[in-house]
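**Q** Sharing a model prediction with you, sequence too.
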Amino acid sequence: MQSTEEIARSGHVIPWNKGKLIEPKPPLQTKHVWAIRSKPLMEGRTRELAMFNLAIDSKLRGCDLVKLRIEDVAPHGLAIDRAIVRQQKTGHPVKFELTEQTRDAVDAYLKSRRAEARGFLFPSRRHPDAPMTTRQYARLTKEWVSGIGLDASFFGTHSLRRTKATLIYRRTGNLRAVQLLLGHTKIESTVRYLGIEVDDALAMAEQVDV
């Protein structure tokens with residue numbers, strides 16, 4: 001077995017989380033979503049509001065969210081109520097809904113940009129022909145979370161991806177629907193992602209009084 005120094009000399013990169021148990025980032029609560037949403041709404045930060053709303057509605061991974069193109073969500077100049085994109089991780093298409101408030105946020109953002117119906121929806125400020133980086137998106141997420149008094153170290157971009165999916169499962173119990181919405185190829189991935197085994201066990205335990 002190679003030592004750390006031997007692996008480093010060979011040019012192989014050691015994943016930072018190799019051998020570590022990493023806790024999944026928790027989803028946001030509904031009150032957190034509204035608290036975060038209210039700040040850019042009141043301050044006229046149309047770009048951030050559109051991105052946050054889309055992150056919640058689309059349930060996309062960060063790598064897919066930042067690479068959304070205008071034509072994906074507003075092919076004719078106005079936001080549509082349903083969109084479809086191909087996931088970078090799996091190569092499979094996934095559909096998502098845009099609620100009325102998300103459509104309004106996207107329309108306001110595009111109007112402020114005076115953007116044509118092409119190109120990246122959230123371009124890099126330094127390189128307009130390239131999308132925002134996932135690192136920048138993660139930094140924004142931490143700012144949103146810390147801005148409402150939460151500990152940003154406990155949350156991440158996956159918190160936004162998990163938020164609506166978790167609410168849908170808790171309200172419907174329909175695991176297959178959540179699997180489709182998240183774009184998972186295996187139902188086991190959805191079970192692990194939502195942590196529903198633990199949640200369901202606790203819910204059942206709370207209903208038993210001895």
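**A** That came through fine. Numbers count the residues shown, from 1 in each chain.
**Q** who's in contact with the residue nearest to the spatial centre of the chain?
**A** Centroid-nearest residue in the chain, with C-alpha atoms, centre = their mean: residue 161, separated by 3.2 Å. When contacts are counted by C-beta atoms under 8 Å, 6 or more residues apart in numbering, residue 161 touches 55, 59, 60, 61, 62, 182. Glycine gets a C-beta too; all of them are placed from N, C-alpha and C.
**Q** so the first one touches residue 64, yeah?
**A** No - taking C-beta atoms under 8 Å as the contact criterion, residue 55 and residue 64 are not neighbours in contact, 10.4 Å apart.
**Q** the helices in the chain, which residues?
**A** Taking DSSP state H to define them, one finds helices in the chain at 4-10, 30-43, 46-58, 62-65, 70-73, 100-113, 134-146, 157-172, 175-182, 187-194, 196-206.
**Q** can I get the CA coordinates of the fourth one in CSV?
**A** Below are the C-alpha coordinates for helix 62-65, written out as CSV (Å, rounded to 0.1, in the frame of the first residue of the first chain):
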residue,chain,number,x,y,z
GLY,A,62,-24.8,23.1,-8.0
CYS,A,63,-22.8,22.1,-11.1
ASP,A,64,-26.1,22.0,-13.1
LEU,A,65,-27.6,25.1,-11.6
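**Q** and the helices of the chain as CSV, adding mean pLDDT?
**A** Conversion of these to CSV gives the following (pLDDT from 0 to 100):
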stretch, mean pLDDT
helix 4-10, 48
helix 30-43, 95
helix 46-58, 97
helix 62-65, 97
helix 70-73, 96
helix 100-113, 95
helix 134-146, 97
helix 157-172, 92
helix 175-182, 90
helix 187-194, 84
helix 196-206, 62
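**Q** quick one, which of the ones you listed is nearest to residue 128?
**A** Proximity to residue 128 (C-beta to C-beta) singles out helix 100-113 among the helices of the chain, at 10.5 Å.
**Q** Tell me the buried residues in the closest one?
**A** With burial defined by 16 or more other C-beta atoms under 10 Å, the residues of helix 100-113 counted as buried are 102, 103, 105, 106, 107, 108, 109, 110.
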